[in-house]
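A.B. asks: this is the structure alone, sequence omitted:
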């Protein structure tokens, strides 16, 4: 993983939340939240919370006396999540590294993480930290994306950007968010961290945008792909957006557009 892959600063959080969250994250957040409360819970930890899409889906489902610790490595993203959430005395917002959690052993009933483990420099260490802070019988519930070939809008934007930068094609999307769908390796890493019960479920959804330009803007300006494109000038960034918009229009139509997104949900205990 490149150092740039974890950089969500500047204008990225706002674009991410405005364009990317409704495009690909909201349906998976609702699914993850339902899984968290499928069993009684009191103390919940969310890692890599981003701009808070899972937080907003999960908080209304938790009991009034719950304790909900929401963490992220990037303070700008966490601040965006806090602003969106509003006042809730059950929520403790805390910048934290999922590989070195600032919590005591056996502190939580559930640890949840939406599309965050792909950013861990050492996933097995991150899994071990989740296990450490879980009480006996606790659950670690997280999801990851399938490969980019199964996520149509992301594949189009990446491919178009590569044709415009053939000598230095942006690789953030296939390398990091869509680069860790090896389920055998994931199971081995979870077992290596100490988890003994592991369930993996494929979840396919439809990604819908009100206009073909939305997916192009979402990926080109709302993810660390922007850090790969921006050094070549804003004209190049805009050219990628326009070219990707044209291809999305040709393939899916000129009005509201929909495409396949696919990931896996993992429950480890």
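C.D. replies: Cool, the structure landed. Predicted model only: the values in this text are computed from it and were never measured. Residues are numbered from 1 along each chain as shown.
A.B. asks: tell me who's in contact with the closest residue to residue 137 other than its chain neighbours.
C.D. replies: Closest residue to residue 137 apart from its sequence neighbours, by CB to CB, 6 or more residues apart in numbering: residue 269 at 6.7 Å. The way it works is simple: take the backbone N, C-alpha and C, and place the C-beta from them, glycine included. If a contact means CB atoms under 8 Å, 6 or more residues apart in numbering, then residue 269 has 134, 137-140, 195-197 as its contacts.
A.B. asks: list just the nearest of those to residue 238.
C.D. replies: residue 140 (40.9 Å; CB to CB).
A.B. asks: does the closest one touch residue 131 like I think?
C.D. replies: Yes. Counting by CB atoms under 8 Å, residue 140 does reach residue 131; the two are 6.9 Å apart.
A.B. asks: spit out the residues that contact these two alike.
C.D. replies: Joint contacts of residue 140 and residue 131 (CB under 8 Å, 6+ apart) are residue 195.
A.B. asks: which one of these two has more residues nearby?
C.D. replies: residue 140 (27 against 20; other CB atoms under 10 Å).
A.B. asks: the more buried one in helix, strand or coil?
C.D. replies: Classification of residue 140 using DSSP: H, G, I helix; E, B strand; the rest coil returns strand.
A.B. asks: need the contact list for it.
C.D. replies: Residue 140 touches 110-113, 127, 130-131, 134, 195, 266-269, counting by CB under 8 Å, 6+ apart.
A.B. asks: any of the contacts of residue 269 buried? List them.
C.D. replies: 134, 138-140, 195 (16 or more other CB atoms under 10 Å).
A.B. asks: neighbours of the spatially closest residue to residue 73 that is not a sequence neighbour, how many?
C.D. replies: Distances taken as CB to CB, 6+ apart place residue 97 nearest to residue 73, at 5.6 Å, with adjacent residues excluded. By other CB under 10 Å, 16 other residues sit near residue 97.
A.B. asks: hmm, residue 97 is touching residue 75, no?
C.D. replies: No. Contact criterion CB under 8 Å: residue 97 and residue 75 do not qualify, at 11.9 Å.
A.B. asks: counting contacts, what elements does the helix or strand where residue 226 lies pack onto?
C.D. replies: For residue 226, the element it lies in under DSSP states H and E is helix 225-229. With contacts defined as 3 or more CB pairs under 8 Å, 6 or more residues apart in numbering; DSSP states H and E, helix 225-229 has these neighbours: helix 152-164, helix 172-175, helix 213-221, helix 234-252.
A.B. asks: may I see the ones you listed organised as CSV, with distance to residue 51 and mean neighbour count added?
C.D. replies: Formatted as CSV, these follow (distance: least, CB to CB, whole Å; neighbours: other CB atoms under 10 Å):
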stretch, distance to residue 51, mean neighbour count
helix 152-164, 18, 21
helix 172-175, 18, 21
helix 213-221, 13, 26
helix 234-252, 21, 17
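A.B. asks: which SS class is the closest residue to residue 151 other than its chain neighbours?
C.D. replies: Closest residue to residue 151 apart from its sequence neighbours, by CB to CB, 6+ apart: residue 261 at 5.1 Å. Three-state assignment for residue 261 (three-state DSSP): strand.
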